[in-house]
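# what follows is a predicted structure for the sequence shown.
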Amino acid sequence: MATGAQAFPTVLPTSRSYTPGEYATQEFVALNGVKTYLRYGNKRSESTLSLTFKNIKDSDADDILTHYVLVNENWSAANEKTRWVTFSSFNGLAGLEGNLPSYFREDGLRWRYSEPPKITSVQKGISNVTCNFVACLDAPKLS
């Protein structure tokens, strides 16, 4: 059984879509219409990432699907660290420059699949794959 966060397979995306998360806030509206906002914390959550892989080998599509199963197969408390996905410049973050990669590695955020990968066969041995992820804040363990 695997331990630790699971690195995404070394398959380079052909496109990437990223939406930064928001700070947890609450809006209160008084009877006279005045609005007050409370912000709970200094970290954003619910960032989304979509990776598209076009015309990749079926073996690469299989690697992605195997990774999805590995990350999601055992959600017991003892295996909590296997539920997260990490990205690097060798896979999902390939081609990003400057400070842009730092947004994908914000302190406390952990990426997980928001849904199963979508695989479309294009021709024999070639597929298109789309993977969607959401970044959640990892609560510290209380001991």
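Yep, that arrived. Nothing here was measured: the structure is a model prediction, and the numbers come from that model.

# distance check, the residue in the chain sticking out farthest from the centre against Gln26.
Outermost residue of the chain with respect to the C-alpha centroid, by C-alpha atoms, centre = their mean, is Asn32; its distance is 41.5 Å. From Asn32 across to Gln26, the span is 19 Å (C-beta to C-beta, to the nearest Å). Every C-beta, even on glycine, is put in place using the N, C-alpha and C of the backbone.

# and Phe90, by the same measure?
Relative to Gln26, Phe90 is positioned 40 Å away (C-beta to C-beta).

# of those two, who's got more company?
For Phe90 versus Gln26, neighbours defined as other C-beta atoms under 10 Å are more numerous around Phe90 (13 against 9).

# and His67, which helix or strand is it part of?
For His67, the host element (DSSP states H and E) is helix 58-72.

# can you give me the helices for this protein?
Defined through DSSP state H, the helices belonging to the chain, from first to last, are 58-72, 100-104.

# Phe104 - how many residues pack around it?
Residues near Phe104, counting by other C-beta under 10 Å, number 21.

# what's the helix or strand bottoming out on mean pLDDT in the chain in contact with?
With mean pLDDT, DSSP states H and E as the measure, the helix or strand of the chain carrying the lowest mean pLDDT is helix 100-104 (a mean of 79). Contacts of helix 100-104 with the rest of the structure, by C-beta atoms under 8 Å, 6 or more residues apart in numbering, involve Tyr18, Pro20, Ser47, Leu49, Phe87, Ser89, Gly92, Leu93, Leu96, Trp111.

# kindly report the same for stretch 29-47.
Stretch 29-47 is touched from outside by 18-28, 103, 106-109, 134-137, with contacts defined as C-beta under 8 Å, 6+ apart.

# ranking the helices of the chain by mean pLDDT, which is last?
Between these, the one with the least mean pLDDT is helix 100-104; it has a mean of 79.

# list the buried residues in that helix.
Applying a neighbour-count criterion of 16 or more other C-beta atoms under 10 Å, the buried positions in helix 100-104 are Pro101, Tyr103, Phe104.

# quick one: Ser102 from Leu93, how far?
Between Ser102 and Leu93 the computed distance is 10 Å (C-beta to C-beta).

# surely Leu93 meets Phe87?
Yes - applying C-beta atoms under 8 Å, one finds Leu93 in contact with Phe87, separated by 4.8 Å.
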